[in-house]
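> Attaching a predicted model along with its sequence, questions to come.
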Amino acid sequence: MNLLGIDVGTTGCKVAIFSSDGKQIALAYREYNICLTKSGYAELESALVWKKIQESMQEVMSSSKGLPISALSVSSLAESFVPVTKERKILGNSTLNFDTRGDEFLPLLRKTITDDQIYQKNGNCLGNQYSLTKLMWIKKYQPELYTDTYKFLLWGAFVSFMLGSEPMVDFSLANRTLLFDIHRQDWSDDLLRITGLDREKLPVVVPTGTVIGHVSHEVSQTLNLPEGISIISGAHDQCANAVGCGVIDSGHAVYGMGTYHCITPVFSSPRENNLMIDRGLNTEHHAVPGKYVCFIYNQGGSLVKWYRDTFAVNEQADYSKRGETVYPALLSEISQKPSDILVLPHFTQTGSPRFITDSAGVIVGLHLNTTRGEILKGIIEGISFYLREVLDTLPDTGITIHDFRVVGGGSKSDIWIQTCADIFGLPFYRPVITEAGALGAAIIAGVGAEIFSNFENATDAMVKIEKEFLPNKYIHNLYEERYQNYHLLWPLMADYLHNISKKID
């Protein structure tokens, strides 16, 4: 039995076929660009992205030569939605979470509902990154679009709908609208009333792993998919990533090493609101029934990309001509021992807990004999130190982490993972398949189609570990001193960095 996983991201989509023992049979990938048509606008061209998804599906079906598929599911970016008609016609582009439209509604909303009140219902604090304010903007400034739209569908729900499902969305994606009540597991009547938004414009909410339809005859003819394949409700990509690397129970966490480094721990029940809010942590349903996740994140790969483009631009050009990347060569220049460099990773807005906007990156400890490899190691260490500060506060919330499963582009580097293990003092495990979103979606499809009786059986069968990285006790002890010095950077420099960031602006 074979399963199809679709992973829709902000800049590209993957479609893959997996056997029920986790072997990747076929994979296709397509890129697309973010549309920055006006100042503050950030959109995906919905029709183009849907075309790229269809092309990817056609490619994997062609390369697998008609291999039978039992079920499919979708992992997708959050917050962004697509307006559609009942006849499955796309009515407009998809507004991304960092699009500034909707900001104007925040002051009024804050007079009506506090962060504690909205967190009690939704597990998030008020912000313009969610769908709520974007929908309010459409209703006010594009009333015809709002009226003509049958449903505003988040991407996982949209792709499923276009393949033939009913308009339904899972709990984890629904949570990212800021309109979902995590306790009632349905749209919040109170939040809809406060915002003036209409329930009928939103899809029906269902648990991840629900059969929500079957591939239509028309789609079958277009994409060479067998007609009638079960479509299973998927999940927010962070939750699907967790499933795709076997992080399904409390005590375990994903360590995602992409543009942002994102830690996703699993826990069994919502935690005390004020403890989570103080740490900048959300509460969201996991794809796994009865489990929850939160996200601890900051810049990661983006800082290493800055290093590459600043210190190795000519080498990168040479490697690119050969169809290769310079990253392995750059990472080979760093050593296992701690760097003498300390880096405050505030190169742009930071992640949880403070979401700092008025700061700047700092590199401390430069000497005439400092090598560029030491600077790169310092950047990698700074990324981990930032996240560890949040992890050190988790015990008070009752959330525990015993080990990490590492995924994403940075997870290809052994030395980078080992550095993380040495700083955190915890084991890291790298799965065979580190781009886990499509695999997670396929596992969800397998559970929903009852090929597996539960997520534990499914991940046991489909997720394989390639390598274990255990912390070096001696190196970890050296890092403890470095970590304490890192602790001092922001308190010492906060006022100064705040002042110079204002002058730069």
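Sure thing, it's come through. Computed from a prediction, not measured in an experiment: that's the story for all the values here.

> Residues in contact with stretch 133-152: which ones?
By CB atoms under 8 Å, 6 or more residues apart in numbering, the list of residues contacting stretch 133-152 from outside reads 79, 81-86, 91-92, 95, 99, 101-106, 109, 128, 131, 161, 167, 177, 195-197, 201-203. (Glycine included, C-beta is placed from N, CA and C.)

> rerun that using 6 Å as the cut-off
With contacts defined as CB atoms under 6 Å, 6 or more residues apart in numbering, stretch 133-152 is touched by 81, 83-86, 91-92, 95, 101-102, 105, 167, 195, 197, 201, 203.

> Now the two most distant members of those.
86 and 105 (28.0 Å; CB to CB).

> most surrounded residue in the contacts of stretch 133-152?
residue 81 (28 neighbours; other CB atoms under 10 Å).

> distance of the residue sitting furthest away from the middle of the chain from residue 375?
The centre of the chain is farthest from one residue, residue 368, which by CA atoms, centre = their mean lies 39.7 Å away. From residue 368 across to residue 375, the span is 13 Å (CB to CB, to the nearest Å).

> number of nearby residues for residue 250?
17.

> Could you pull up the contacting residues of it?
266, 267, 268 are the contacts of residue 250 under CB under 6 Å, 6+ apart.

> List buried residues within those.
266, 267 (16 or more other CB atoms under 10 Å).

> Can you flag which of the contacts of residue 250 belong to strands?
266, 267 (DSSP state E).

> Kindly reformat the contacts of residue 250 as TSV containing pLDDT and distance to residue 280.
Shown next, in TSV, are the contacts of residue 250 (pLDDT from 0 to 100; distance: CB to CB, whole Å):
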residue	pLDDT	distance to residue 280
266	98	18
267	97	16
268	96	21
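
> Closest one of the contacts of residue 250 to residue 420?
Of the contacts of residue 250, the one sitting nearest to residue 420 (CB to CB) turns out to be residue 266, at 18.6 Å.

> Can you report phi and psi for residue 431?
Backbone torsions of residue 431, given as degrees, to the nearest 10, read phi -70, psi 160.

> That one is in contact with residue 244, isn't it?
No: if you go by CB atoms under 6 Å, residue 431 and residue 244 don't touch, sitting 7.7 Å apart.

> So these two - more neighbours on which side?
residue 244 (34 against 22).

> Quickly note the distance from the more buried one to residue 188.
30 Å.

> name the element residue 47 belongs to?
For residue 47, the host element (DSSP states H and E) is helix 46-63.

> What strands flank the helix or strand following that helix, and is each parallel or antiparallel?
For helix 46-63, the following helix or strand on the C-terminal side (DSSP H and E) is strand 71-76. When pairs are called by DSSP bridges, strand 71-76 turns out to pair with strand 2-8 (parallel), strand 230-236 (parallel).

> so the first one versus helix 46-63, what angle?
Here strand 2-8 points in a direction 150 degrees away from that of helix 46-63 (axes from the mean of the first three to the mean of the last three CA atoms, to 10 degrees).

> Other residues contacting strand 2-8?
14-19, 67, 69, 71-72, 74-76, 155, 437-439, 441-442, 445-446.

> Kindly report the same for stretch 491-502.
Contacts for stretch 491-502 (CB under 6 Å, 6+ apart): 358, 359, 360.

> Mind listing what's buried along that stretch?
493, 494, 497.

> So the second one belongs to a strand, correct?
Spelled out, that is residue 494. No: secondary structure of residue 494 (DSSP: H, G, I helix; E, B strand; the rest coil): helix, not part of a strand.

> Find the centremost residue of the chain, please.
Note: the chain centre (CA atoms, centre = their mean) maps to residue 238, 4.1 Å.

> Residue 117 versus that one, what's the distance?
25 Å.

> Kindly report the same for residue 265.
From residue 265 to residue 117 the distance is 25 Å (CB to CB).

> quick one: which of these two has more around it?
A direct count of neighbours by other CB under 10 Å for residue 265 and residue 117 places residue 265 higher, at 25 against 15.

> Beta-bridge partners for that one, please?
Here residue 265, judged by DSSP bridges, has bridge partners residue 253.

> what about it, distance to residue 253?
From residue 265 to residue 253 the distance is 4 Å (CB to CB).

> Mutual contacts of the two, please.
residue 401.

> How is the protein divided into domains?
2-240, 246-432+472-505 (automatic domain parsing).

> to the chain's geometric centre, what's the distance from the shortest one?
Looking back up the chat, that one is domain 246-432+472-505. Distance of domain 246-432+472-505 from the chain centroid (CA atoms, centre = their mean, to the nearest Å) equals 15 Å.

> same deal with the longest one?
If you compare the mean C-alpha spot of domain 2-240 with that of the full chain, they lie 14 Å apart, counting by CA atoms, centre = their mean.

> what about the stretch 401-505 of the chain, any weak spots by pLDDT?
503-505 (pLDDT under 70).

> can you map out the helices along it?
Using DSSP state H, counting those that start in this stretch, the helices of the stretch 401-505 of the chain run over 414-424, 436-448, 455-462, 473-504.

> which of those sits most buried?
Each of the helices of the stretch 401-505 of the chain was scored by mean neighbour count; the highest is helix 436-448, a mean of 31, by mean count of other CB atoms under 10 Å.

> Show me what it is packed up against.
strand 2-8, strand 12-19, strand 71-76, strand 230-236, helix 237-244, helix 455-462 (3 or more CB pairs under 6 Å, 6 or more residues apart in numbering; DSSP states H and E).

> For residue 325, which of those is the nearest?
strand 12-19 (16.0 Å).

> Let me have the helices of the stretch 401-505 of the chain in JSON lines, adding distance to residue 340 as columns.
Listed next are those as JSON lines, based on distance: least, CB to CB, whole Å:
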{"stretch": "helix 414-424", "distance to residue 340": "15"}
{"stretch": "helix 436-448", "distance to residue 340": "35"}
{"stretch": "helix 455-462", "distance to residue 340": "41"}
{"stretch": "helix 473-504", "distance to residue 340": "9"}
